[in-house]
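S.K.: Need coordinates for the following:
(one chain, ligands or ions: 2)
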Amino acid sequence: MDATASSIALNSVRITRCEPRNGSPNASRFQTSVCFHFANGQREYESSQVMKVSMDSDDKRSGALSRSNFFVPCEKRNQGSQTICSAGVCTHNGTVMESISHAAEEKVGVLLLNLGGPETLNDVQPFLFNLFADPDIIRLPRLFRFLQRPLAQLISVIRAPKSREGYAAIGGGSPLRKITNEQAHALKRALEAKNMTANVYVGMRYWYPFTEEAVQQIKRDRITRLVVLPLYPQYSISTTGSSIRVIQNAFKEDAYLSTVPVSVIQSWYQREGYIKSMADLIEKELESFSNPDDVMIFFSAHGVPVSYIANAGDPYKDQMEECIYLIMQELKSRGVNNQHKLAYQSRVGPVEWLKPYTDEVLVELGQKGVKSLLAVPVSFVSEHIETLEEIDMEYRELALESGVENWGRVPALGCTSSFITDLADAVIEALPSATAMSSPRTSSNALDLDPVSYAIKMFFGSILAFLLLLSPKMITAFKNHL
Ligand SMILES: C=CC1=C(C)c2cc3[nH]c(cc4nc(cc5[nH]c(cc1n2)c(C)c5CCC(=O)O)C(CCC(=O)O)=C4C)c(C)c3C=C
Ligand SMILES: [Fe+2]
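M.R.: Ligands and ions are numbered 1, 2, ... in the order given. Okay, the predicted model is just below:
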């Protein structure tokens, strides 16, 4: 292939029009390429994305466009297609393709996102306050947004005792920070094994280390290209959506960060590596039952309020159902044909959540005579309160009381090597599509920061919350549902 003719720069990546020697004269290939060179001068990558724009008559109507991504160490590619990368310049079959001018200093970062959890029992109430103060968790109509923080204060105080009991039962705090740090180290090592050096950061939404702190570190480290990887396989407004909003705000407002190319992996439940890793864990755990074929595989996903799906277009339910379908297909291909069921756990508050509810289904299954159940937590990839306390203690007890005799639980993926390797592949595949997040701030943002209106809103909001707190009727109503 000769790289000739037109070439334009796009977000610091060069796009080159290449004419295939023996290909259709009506087809054009556009190759985007960027070279990464690291400080030790040894590790080099060429990332290429080839887009084939076909102008054949059949394809004209549909504007057919096919795309393939590859991201390989230059040494490997050199063997097959004679690409040589050095000092920011890639040559392909003898034709010089300039790479970006600052490629020599490319410094790759990966930001892992998670929810965070209280590390001590004293952290529980302030952690809950941060969670309920998030407009992606308690979705108030715009007109009532000024009540968000007073309401968060109220709900966090009421919820705290129940929540504290749960954290006390699992050792006095959430293991999420420790496990996420371990996953970050494992991912860094997995990337190194694929010849990619990257700084891996952890950003939590509601507790330390906060996402905002991680973003500041990314700025101090002068990262030049970033992949954002939420540790939630499925996208929900309440998890991935909320964390991405924080990142977008931080990046747009900062002169340096707004220029950094960023690629966000929104969801990855459909990745083969993840599906196979989940199937491995399930297959292994089934073997611990004396009658593996009779065990019902019981997927327990974290719930969200129905209004997220019905009114706000949250794709979470669809993605969850597809995810379960893919895992079951994988198991079937291995000859595992067990029955399965999906239900939703962890509902909070008086509104309707996704159904069926885990606790209700467990009772029904027990009463129907199901004797063996294998619980599979499927919304998270680390152990935390909802696996260690809710599933292992509350749901297990409920199932056994309802007639289930054999109970098992699949562990969260944690640092399972096939899973971490797949995350490394996801990062490498995402790098070439990184683009800057910069965009002008909106006038409504500016309004949100006006200190006078903020003070007025806080004043009236606090009075309302205070009145609510004084009302015993109100407290009883909340307590019954939280
Ligand atoms: C009130 C609304 C909540 C929504 C919506 C929600 C969605 C949601 N959460 C997770 C994952 C986690 N949740 C965790 C803790 C947690 N979540 C809520 C509430 C909502 N979650 C509360 C009140 C709490 C605190 C614990 C408790 O009191 O029950 C955690 C951290 C657990 C830990 O070990 O610290 C995770 C992780 C998902 C995946 C999700 C929607 C898809
Ligand atoms: Fe939650």
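S.K.: Quick one: neighbours of the closest residue to Ser236 other than its chain neighbours, just the number.
M.R.: Excluding the flanking residues, the one nearest Ser236 by Cβ to Cβ, 6 or more residues apart in numbering is Tyr316, at 4.0 Å. Placement of C-beta: from N, CA and C, glycine included. Per other Cβ atoms under 10 Å, the neighbour tally for Tyr316 reads 26.
S.K.: check contacts around Tyr316.
M.R.: Neighbouring residues of Tyr316 by Cβ atoms under 8 Å, 6 or more residues apart in numbering: Gln234, Tyr235, Ser236, Ile237, Val304, Tyr308, Ile309.
S.K.: Ligand 1 next: which of those residues are close?
M.R.: Among the contacts of Tyr316, the ones lying near ligand 1 by Cβ under 6 Å from any ligand atom are Ser236, Val304.
S.K.: State the three-state secondary structure for Ala375.
M.R.: Judged by DSSP: H, G, I helix; E, B strand; the rest coil, the three-state class of Ala375 is strand.
S.K.: Please report the distance of it from Arg347.
M.R.: Look at Ala375 and Arg347: by Cβ to Cβ, to the nearest Å, they are 17 Å apart.
S.K.: Then Gln319?
M.R.: According to Cβ to Cβ, Gln319 stands 19 Å off from Arg347.
S.K.: Could you do Cys323 as well?
M.R.: Cys323 sits 20 Å away from Arg347, going by Cβ to Cβ.
S.K.: Please identify which of the two sits among more neighbours.
M.R.: Neighbour count, other Cβ under 10 Å: between Cys323 and Arg347, Cys323 has more, with 23 against 19.
S.K.: Which helix or which strand is home to the more buried one?
M.R.: Under the criterion of DSSP states H and E, Cys323 resides in helix 316-333.
S.K.: before we move on, what about Gln266?
M.R.: Gln266 is part of no helix or strand, with elements assigned from DSSP H and E.
S.K.: What parts of this structure come near ligand 1?
M.R.: Within the chain, the positions near ligand 1 by Cβ under 6 Å from any ligand atom are 115, 117, 128, 131, 137, 159, 163, 166, 174, 176, 232, 236, 238-239, 302, 304, 316, 348-349, 379-380, 384-386.
S.K.: Recalculate using a threshold of 5 Å.
M.R.: Counting by Cβ under 5 Å from any ligand atom, the positions of the chain adjacent to ligand 1 are 115, 117, 137, 163, 174, 176, 236, 238-239, 302, 304, 348, 379, 384-385.
S.K.: Among those, which one sits closest to Ser438?
M.R.: Nearest to Ser438 among the residues of the chain next to ligand 1, counting by Cβ to Cβ, is Thr239 at 25.0 Å.
S.K.: can you count the residues close to the residue of the stretch 351-482 of the chain found nearest ligand 1?
M.R.: The stretch 351-482 of the chain approaches ligand 1 most closely through His384 (2.9 Å), counting by Cβ to the nearest ligand atom. Close neighbours of His384, defined as other Cβ under 10 Å, add up to 22.
S.K.: Quick check: it touching Lys178?
M.R.: No: with contact defined as Cβ atoms under 8 Å, His384 does not reach Lys178; the gap is 10.6 Å.
S.K.: and the one residue in the chain that gets nearest to ligand 1, helix, strand or coil?
M.R.: When distances are taken as Cβ to the nearest ligand atom, the chain reaches nearest to ligand 1 at Gly117, 2.2 Å away. Using three-state DSSP, the structure places Gly117 in coil.
S.K.: Just list the residues touching it, thanks.
M.R.: Contact analysis of Gly117 by Cβ under 8 Å, 6+ apart lists Phe127, Tyr167, Gly173, Ser174, Pro175, Leu176, Arg177, Tyr206, Trp207, His384, Ile385.
S.K.: same thing with Thr387?
M.R.: Thr387 makes contact with Pro377, Phe380, Arg409, Ala412, according to Cβ under 8 Å, 6+ apart.
S.K.: Which of those residues ranks first by neighbour count?
M.R.: Result: Pro377 is most packed of the contacts of Thr387 (other Cβ under 10 Å), 25 neighbours.
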